[in-house]
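J.: Build the 3D model from these lines:
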Amino acid sequence: VDIAARVLGDRLSRMWGQQVVVDNRPGGQAVIGAQAAARSAPDGYNFFFATTAPLVINPYTFKSLPYDPVKDFVPVAMLGSAPFVIAVPSGSSARSLSELLALARSQPGKIAIANQGPRSLGGMISQILNVSAGVNLLQVPYNTPAMVVQDTIGGRTQVLMLSTGTLTAFIKRGDLRALAVTGANRVAGLEHVPTVGETIKGFDYGGWYALLAPSGAPAGILRRVNRDVDRVLAEPEIVQRLREFGIYTEGAGTPEALGQFLQVERSRWSRTVREIGMERE
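T.: Numbers count the residues shown, from 1 in each chain. Have a look, this model is predicted:
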């Protein structure tokens, strides 16, 4: 997130002739950053580089939040989608998602899938996969993506789920075999890898990035920022840089379209969290 924000910020800095500062506030499933953004001055100079969790997942997995994801922000621009990859070690007998699921059904609870924890986005999508496919992949949490990759390549876990940006180099080098991507469409650079939806109808889960502002920010400024972000996202160099981090952009869209997208996502994740039995903290 930090690197992607700096790529966008650096390009906007050159366009506007003034510095765009990235204020990194990590931790707490993005609650800390979201709270800081919500409390910032709504003067058109402060924005929230948001991910999926703080806007549409945290309201259903936390008992209370120090910000309101609906009332405290206004949509500005969509930045891009960020699907995950399901992959196995190169020596695995599973050569497709169907074969992996068949293996999991034959050994319930014994095929381990590594991710970044049950409340991480990848961890939640791993649990959605279990429910959707009727399998019991053993969820193994790790603190860092590096350890997820290391232990799966080493055979300590049999499957992993991480972002495309994290895994592409390992896949191209042959250390891992990609079985499926979790979004609705195949992705550039991994066109040979099918979607989960090609095996499990309707499966479409992944992350995304969006730009929002604190409520009350001047509408005229937000329109200009939307326009300029859209111009930046159309530049081939920026498209390629974001793709290296696993972010696939189709432009900024409109603030209204982003607002409608967020409504749909909130409704969807409200149902999903219940389906996978995630309790509010």
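J.: center of the chain - which residue?
T.: When the chain is reduced to its mean C-alpha position, the nearest residue by C-alpha atoms, centre = their mean turns out to be Gly207, at 2.1 Å.
J.: any idea which helix or strand comes after whichever strand or helix holds Gln139?
T.: Secondary-structure assignment from DSSP states H and E places Gln139 in strand 138-141. The C-terminal neighbour of strand 138-141 among helices and strands, as given by DSSP H and E, is helix 145-153.
J.: Now do the buried residues in the strand holding Gln139.
T.: Taking 16 or more other C-beta atoms under 10 Å as the neighbour-count basis, strand 138-141 is seen to contain the buried residues Leu138, Gln139, Val140. Any C-beta I mention is one placed from the backbone N, CA and C, and that applies to glycine too.
J.: would you list those in JSON lines and tack on pLDDT and distance to Ser106?
T.: What follows is those, written out as JSON lines (pLDDT from 0 to 100; distance: C-beta to C-beta, whole Å):
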{"residue": "Leu138", "pLDDT": "96", "distance to Ser106": "14"}
{"residue": "Gln139", "pLDDT": "95", "distance to Ser106": "19"}
{"residue": "Val140", "pLDDT": "96", "distance to Ser106": "19"}
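J.: Which of the residues you listed sits closest to Gly33?
T.: Minimum separation from Gly33 among the buried residues of strand 138-141 (C-beta to C-beta) is found for Gln139, which lies at 25.8 Å.
J.: Show me where this structure has its helices.
T.: Counting by DSSP state H, the chain has helices at residues 2-16, 31-38, 52, 58-61, 97-106, 121-133, 145-153, 164-173, 219-233, 236-244, 255-275.
J.: Show residues contacting the fifth one.
T.: When you say that, I think you mean helix 97-106. Residues from elsewhere that reach helix 97-106, judged by C-beta atoms under 8 Å, 6 or more residues apart in numbering: 86, 88, 92-94, 111, 133-137, 159, 179-180, 194, 196, 199.
J.: and if you look at the longest one?
T.: Residues from elsewhere that reach helix 255-275 (C-beta under 8 Å, 6+ apart): 52, 55-57, 59-61, 69-70, 74-78, 124, 128, 131, 205, 210, 222-223, 226, 253.
J.: one more time with 6 Å
T.: The contact list for helix 255-275 (C-beta atoms under 6 Å, 6 or more residues apart in numbering) reads Val56, Ile57, Tyr60, Pro75, Val76, Met78, Val131, Ala210, Asn226.
J.: Which members of these define the maximum pairwise distance?
T.: Farthest pair in these, by C-beta to C-beta: Val131 and Asn226, 36.7 Å.
J.: between the two, which one's more packed in?
T.: Applying other C-beta atoms under 10 Å to Val131 and Asn226 shows that Asn226 carries more neighbours, namely 20 against 12.
J.: Let me see the contact set for the residue lying closest to the more buried one once chain neighbours are set aside.
T.: The shortest distance from Asn226 to any residue that is not its chain neighbour, by C-beta to C-beta, 6 or more residues apart in numbering, is 4.8 Å, and that residue is Ala77. By C-beta under 6 Å, 6+ apart, the residues touching Ala77 are Leu211, Asn226, Val229, Ala252.
J.: Model confidence for the last one, exactly?
T.: So the one you mean is Ala252. Note for Ala252: predicted pLDDT of 98.
J.: my guess is it meets Arg231, correct?
T.: No: no contact is recorded between Ala252 and Arg231 when judged using C-beta atoms under 6 Å, the distance being 8.6 Å.
J.: more crowded one of these two?
T.: A count of neighbours by other C-beta under 10 Å puts Ala252 above the other of Ala252 and Arg231, at 25 against 15.
J.: can you tell me how far that one sits from Val135?
T.: In this view, Ala252 and Val135 are 38 Å apart by C-beta to C-beta, to the nearest Å.
J.: what's the answer for Arg186, then?
T.: Distance of Arg186 to Val135, computed by C-beta to C-beta: 23 Å.
J.: how much does the lengthiest strand in the chain deviate in direction from helix 164-173?
T.: The strand spanning the most residues in the chain, taking DSSP state E as the definition, is strand 73-89. Using axes from the mean of the first three to the mean of the last three C-alpha atoms, to 10 degrees, the interaxial angle of strand 73-89 with respect to helix 164-173 works out to 20 degrees.
J.: Strand 73-89 - what's its average pLDDT?
T.: Across strand 73-89, the per-residue pLDDT values average to 97.
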